[in-house]
Structures are given as structure tokens and as C-alpha cells.
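Student: predicted coordinates and the sequence they were generated for:
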Amino acid sequence: MQRSTPLQSDCRPAAMPVAAGRFLFHQVLRKPKGIEIVTIAAAESENPERSIAVAVRSVVWRISVFYIGSISIMVLVLPWDSSDLKSGPFVAVLNQAHLPYVAGFMELVVVIALLSAFNANIYGTSRMAYSLSRRGDGPAFMARISHSGVPLNAVLLSVFFGFVSVLLNWWLPDDLLGLLLNAVGSALLVIWIFIVVSHLRLRPRLERAGKLTVRMWLFPWLSYATLALLGGFVVLMLFDTDARTQLFSTCVLFLAITALAFLNARYRRKAVPATDPGQRAR
């Protein structure tokens, strides 16, 4: 009897859910993350309404060209079991084209892109920490801003955890990246689900108030379709061992954060009478 190769075994009908779940988890959910930063940055511009509309539209074609386009080229050029993939898919494609010095230049581009991503994450996390602190969902010191209008304490805290990740990478050089990437995929599901639900609830309210000028096609049916696709991702992730473990871990973390949020809200309700000026005068 001829033994099946890994590719053949993954393509059997019984194994298709596992293969699909593994692909969606590792190559779809974890890749186009961080696009929410685009709207955060646009909201701080001189004309937020126009800037947010332009930024959202640009994200669509940029993902279509730079991400889907590059993935398509790699899939068409490189065999799935190519040993060149160990050096990186982009470098492997350029080596296949036999272009001198381009592969080394691509490595420099990747390093610059990583630094740019780090800068964007510092920006996004600092603004999120600042926003949460202003609403009472974070330490008050992170809501302070500098003379130039920058949440300096939130930025410094974000940079501090960046250095913590460097130390963790030195401590666990072979395991840290895989742990972080696995944790991100299922956490993004929770974030995107809440974004879609918030959009379904807030868009009609903001349109009636005249505060929303960005149009959306097929609302609300396209949002419901997005929720259905995200639910399908969850089902497919249940067929993959690694994805299933991270999904359950994210559910536990989500429940813990929700419980802490309710406790924080309860504490704030009790603290309001104590800080009332009339109460202090008595």
C-alpha cells in the first residue's frame, strides 16, 4: 500500500476541516491585524470625517494589492515543501527570480517594516490606554497629556512593555513568537465581533443625529454576513488542536476581563457619592 504524503493526507475529505481551520487561523486571522489604528490616527487629524473616510477606503485596496497580491505570487511561484521557505517567503520568491542583491535588500525592507509596525503599535496602545483612562477604565496617570497634547505616560508604558517583550524573546527565543502569534488570532476574533456589533448598534443612531457621513454598502446585511463568517472561523478553529486551545484560552481571558469590568463599574458607582462636592462639604 502506498503511503500518503502530508499534502495528500490534508486534502482528504475527512481532513479538509482541519486543513481549512489551520489555514484560516495561521494565514488569515493573524495577518491583517492592526488596521483599526488607521481610524485612530485619522480621528486626530484636522478634518476627522474626511480623513476617516479616505483611510477606510485606502485600507481595502491596499490589502487587496499588497497582501492578497503578494500571497498569490508566493503560492504560484513556490512549492509548498520548498526548503527556501525557511529563509522567508519574500526572499525565497526573489531568489527564484535570480535577481542579484534584491534578496538582501528585501531583508532590509522587512526590518524597516517591523520597526514601522512597532511604532504603529506604540501609537495605538498608548491612545487606547489614554482613552480608557479618561473613561475611568484605567489608571488616572495615563490620562495626563504633555504640553504638546501627547499622552506621554501612556506612551512610556507602551514602550516599557516593548522592552519587556525583548527580554522575553531573549529568555524564550524559540517559543515566544509562536505563543504570541497563536494568542493574537483568537483574540482578534473577539475584537472584530465587538467592532461589528458596535457598528450595527451605533450606525443608525449616529446617522439619525447627522454625525456620520461615511456610507456603507448593503447595511446592515453586510455586517450580518461578516458576523456569520466570523462564526464560521470559530467553527473551523475547533477542528485544529492549536487553534482550539487558543480559542478556549481566549474565552477564559474574555470572561475574566468582563468580570473585572463589572467590578470596576460597580466600584465607580460606589465612589461617585464619596467624591461629590456636596458630600465633601458635609
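Tutor: Yes, it's here.
Student: for this protein, give me the ranges with low pLDDT.
Tutor: 1-36, 42-43, 80, 84-87, 103, 181-183, 185, 272-282 (pLDDT under 70).
Student: helices along that one, start to end?
Tutor: 6-10, 16-23, 36-43, 48-62, 69-77, 89-96, 102-134, 152-171, 176-208, 221-237, 241-275, 277-281 (DSSP state H).
Student: TSV for those, including mean neighbour count and distance to Ala143?
Tutor: Heads up, the C-betas are built off the backbone N, CA and C, glycines and all. TSV is the format used below for the helices of the chain (neighbours: other CB atoms under 10 Å; distance: least, CB to CB, whole Å):
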stretch	mean neighbour count	distance to Ala143
helix 6-10	12	50
helix 16-23	17	41
helix 36-43	16	16
helix 48-62	14	20
helix 69-77	12	40
helix 89-96	18	41
helix 102-134	15	4
helix 152-171	14	8
helix 176-208	15	22
helix 221-237	14	32
helix 241-275	12	14
helix 277-281	8	21
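Student: just so I know, which of these lies nearest Phe141?
Tutor: For these, the distance to Phe141 is smallest for helix 152-171, at 5.3 Å, taking CB to CB.
Student: quickly note the distance from the closest residue to Thr213 other than its chain neighbours to Phe219.
Tutor: What sits nearest to Thr213 in space, not counting adjacent residues and going by CB to CB, 6 or more residues apart in numbering, is Glu49, at 5.4 Å. Using CB to CB, to the nearest Å, one obtains 18 Å as the distance from Glu49 to Phe219.
Student: ditto for Ala265
Tutor: Relative to Phe219, and taking CB to CB, Ala265 is found at 30 Å.
Student: please consider this matter closed, and thank you.
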